[in-house]
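Asks: Output the structure for:
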Amino acid sequence: MAQKKITIPELNGKLTDLSVPEEELAKYFTISDDLSTPFSPAVTYDPKTVDIPKEREAELRGEAGIGFANFVARMRRRLAFENRIGDSDYSGPIIVSEGDSWFQYPFILKDVIDQLSKDYAILSLGAAGDTLANMISEREFLDPIGRYSASVFLISGGGNDLVADGQLAGHLREFDPDLNPADYLLPSFDGLVADAVGQYDKIFRMVEKAYPDVAVLCHGYDHPVPLAKGQWIGKPMISRGIKDAKLQKAIAALMIDRFNTKLAKLAGSFGQVNYVNCRTVVKDDRWHDELHPVDAGYADVAAKFRKVIKAVAKPKTGPRAKAARGVPAAAPSRTALSLHIGLNEVDPGHYSGWSGELAACEFDSEDMQAIADSRGFKSKRLITAEATRKAVIGEIEAAAKKLKAGDIFFISYSGHGGQVPDFNADEDDQLDETWCLYDGQMIDDELYALWAKFAADVRVLVVSDSCHSGSVIKAAAEATGDAFMHELDEGGYLADPAGNRIRAMPRRQAAKVYRKNAAFYQKIGKSIKRADSSLLAKELIQPVAATVRLLSGCQDNQYSYDGFDNGQFTGTLLEIWNEGHFSGTYDDFHKAICDRMPMNQTPNHWVVGQPDSAYDNQSPFEV
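Replies: Purely as a prediction, here's the structure:
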């Protein structure tokens, strides 16, 4: 006998009645495979159990029905949350959650939040299909954390990025029996992981800035089981000739492992963020599909979350969950060090009688230190006679010893740029670029060797307001064009036709300095690793595990101009920075500075070392 169908009005009555469990409601919904996307199951009315008027079938089983299912699921959770926090018997923590279908799979599955809601008051803002990018743009979670004085924030996302929004095949190599599982993942897949982790970095920073005492819990999913008919993992692999189930599973596990490794490392750099490792929790027979566990699998995942929540949550303290007072905020576990160098002159004893007088370099270092201090760096300043080679090298080496993954080192230099003969055959023009420190020049190869001493995933920021500084963190090309059309002023310093002094040691003077101190610079040259003729790239000879970002005053073939109270570049940077009111990424910052600079001085933005999407998307000088 056919089951009697329920009418839409009857179903709506059940949906708004919180006493009706979702297990009963599940039979009235089904998944539309045609409309589903990764981590966004399209939950819609089931025509087998719901009497859908023929004239409304397309509407109710299409996007309108899917949107309604999500809306009702969130509404039911919201009502349950309000009831729970209004209950005088509830003394547990107030929790806000944001996430994808692992945190909200409407009606059909009892997801992580359904499982945790048995014990906790959770304001659920998640929605099947929600992406990290959307969570960032809407910032829907920030206000409720404060409004309800939540002590815990749960976040789930990034799965859609890992399966490339359904285009996973494009990130896999064709089947080859000689390949290991890791070999099948193209470098572009690591880019997907980096982008997802970079978005997590933004979310963590949002919460840290607004609510530094709120505990954040994140996760990186469990190892899925690819299915032959699986739309998001199995089929893409099969399309690349990867048909063996064990090989498919091994590749999928590696995908998840790479994401978890990066996410766990990022979480470790935030004092309030707790990474929940869900790998190997869901057994192979507890998967509803390729991407989502069954109820029992979600219960196992929730148990991992519950253990961490018990350890970090603060209890509710009043009928509207007022936060406990006097609880110290969790300090960021990231260390931020900075060094600011400014030389208005150099030692004539080393520089063949040339003192290299400039006006604004010490002011530049003072202003750069002020930025660092305002952002929470522990800063130090070396000016003119203090800025010796030994002092600068010692400060950089000390920072390299102290800093760990997630930390940041900010170094600024304002002074003359110089040149010496290339010691290790890595320059097309046979000249190495330098910073003119007080008692001798610092060669770009020396700087690169110092960056190699920093630990993996340390962020290094170099701001260099000196001539020929477009790639001073690594190497510089020959200055060309009109760069040497300038004349010496009355004091023997390079100046443009208008008399504006330039932060470059004149070439004739540079030659004198080298000849006078040839043994000194040759000794430095011998200490620098020489390139093999077949391996000229510095990255292959002396790899840098950190990420080193340069904002320079000009391109390699240009000069940086001095000024009255700041160099041209530093002064423009300060205008754009606007005492911390600038908002945007490093790329945005660089472009805004370039837009205000004269045509003959174009600042450069360049990165060496390891790619770091999170660092790329941070605001300038962000700890």
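Asks: Look up the closest residue to residue 105, ignoring the ones flanking it.
Replies: Distances taken as CB to CB, 6 or more residues apart in numbering put residue 111 closest to residue 105, at 4.4 Å, once the chain neighbours are dropped. (C-beta placed from N, C-alpha, C; glycine too.)
Asks: from memory the one you found sits against residue 97, does it?
Replies: No. Between residue 111 and residue 97 there is no contact under CB atoms under 8 Å: 10.2 Å.
Asks: Need the residues touching each of those two.
Replies: Residues touching both residue 111 and residue 97 by CB atoms under 8 Å, 6 or more residues apart in numbering: residue 103.
Asks: So residue 300 sits against residue 279, correct?
Replies: No. Contact criterion CB under 8 Å: residue 300 and residue 279 do not qualify, at 11.7 Å.
Asks: higher neighbour count, those two?
Replies: Shown here are residue 300 and residue 279; by other CB atoms under 10 Å, residue 300 has more neighbours (17 against 14).
Asks: which SS state does the nearest residue to residue 453 once chain neighbours are set aside fall under?
Replies: Counting by CB to CB, 6+ apart, residue 453 lies nearest to residue 400, which is 4.0 Å off, once chain neighbours are set aside. Under the three-state scheme (DSSP: H, G, I helix; E, B strand; the rest coil), residue 400 adopts helix.
Asks: what's the distance between residue 400 and residue 441?
Replies: With distances taken as CB to CB, to the nearest Å, residue 400 is found 21 Å from residue 441.
Asks: ditto for residue 397
Replies: To residue 441, residue 397 is 18 Å away according to CB to CB.
Asks: And for residue 605?
Replies: Counting by CB to CB, the gap from residue 605 to residue 441 is 24 Å.
Asks: quick one: secondary structure of residue 274?
Replies: The three-state assignment at residue 274 reads strand, by three-state DSSP.
Asks: Please verify my assumption that it contacts residue 309.
Replies: No. Between residue 274 and residue 309 there is no contact under CB under 8 Å: 9.0 Å.
Asks: quick one, phi psi at residue 154?
Replies: Here is the backbone geometry of residue 154 (degrees, to the nearest 10): phi -100, psi 140.
Asks: Do you know the pLDDT at it?
Replies: On the pLDDT scale, residue 154 is placed at 98.
Asks: Name whatever forms a beta bridge with it.
Replies: Beta bridges link residue 154 to residue 97, residue 217, judged by DSSP bridges.
Asks: what are the ranges of the strands in the stretch 401-550 of the chain?
Replies: All strands of the stretch 401-550 of the chain, identified by DSSP state E, counting those that start in this stretch, fall at 408-414, 417-421, 431-437, 440-443, 459-465, 487-488, 494-495, 547-552.
Asks: next one: the first one to chain centre, how far?
Replies: Taking CA atoms, centre = their mean, to the nearest Å, one finds the center of strand 408-414 at 20 Å from the center of the full chain.
Asks: now the helices for the stretch 351-500 of the chain?
Replies: 361-374, 389-402, 444-451 (DSSP state H, counting those that start in this stretch).
Asks: With respect to residue 580, which of those helices lies nearest?
Replies: Minimum separation from residue 580 across the helices of the stretch 351-500 of the chain (CB to CB) falls at helix 361-374, 6.0 Å.
Asks: which of the residues in the closest one are buried?
Replies: Neighbour-count burial for helix 361-374, counted by 16 or more other CB atoms under 10 Å, picks out 361-369, 371-372.
Asks: neighbouring contacts of that helix?
Replies: With contacts defined as CB under 8 Å, 6+ apart, helix 361-374 is touched by 336, 338, 340-344, 379, 381-384, 410, 412, 414-415, 463, 465, 503, 562, 565-567, 570, 574, 577, 579-580, 621.
Asks: 7 Å - rerun?
Replies: Here helix 361-374 makes contact (CB atoms under 7 Å, 6 or more residues apart in numbering) with 338, 340-344, 379, 381, 383-384, 410, 412, 414-415, 463, 465, 565-567, 570, 574, 577, 580, 621.
Asks: circling back: what's the local residue count around the residue nearest to residue 453?
Replies: 19.
Asks: who's in contact with it?
Replies: Counting by CB under 7 Å, 6+ apart, residue 400 makes contact with 450, 453-454.
Asks: got TSV for the residues you listed, with distance to residue 197 too?
Replies: Listed next are these as TSV, based on distance: CB to CB, whole Å:
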residue	distance to residue 197
450	27
453	25
454	20
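Asks: Quick check on those residues: which are buried?
Replies: Neighbour counting by 16+ other CB under 10 Å classes 450, 453-454 among the contacts of residue 400 as buried.
Asks: Closest one of those to residue 74?
Replies: Nearest member of these to residue 74, counting by CB to CB, is residue 454, at 45.4 Å.
Asks: How much space separates the closest one from residue 435?
Replies: 18 Å.
Asks: which sections of the protein are below the confidence cut-off?
Replies: For the chain, the stretches flagged by pLDDT under 70 are 1-3, 60-66, 316-332, 420-431, 468-500, 507-508, 511, 514, 525-542, 556.
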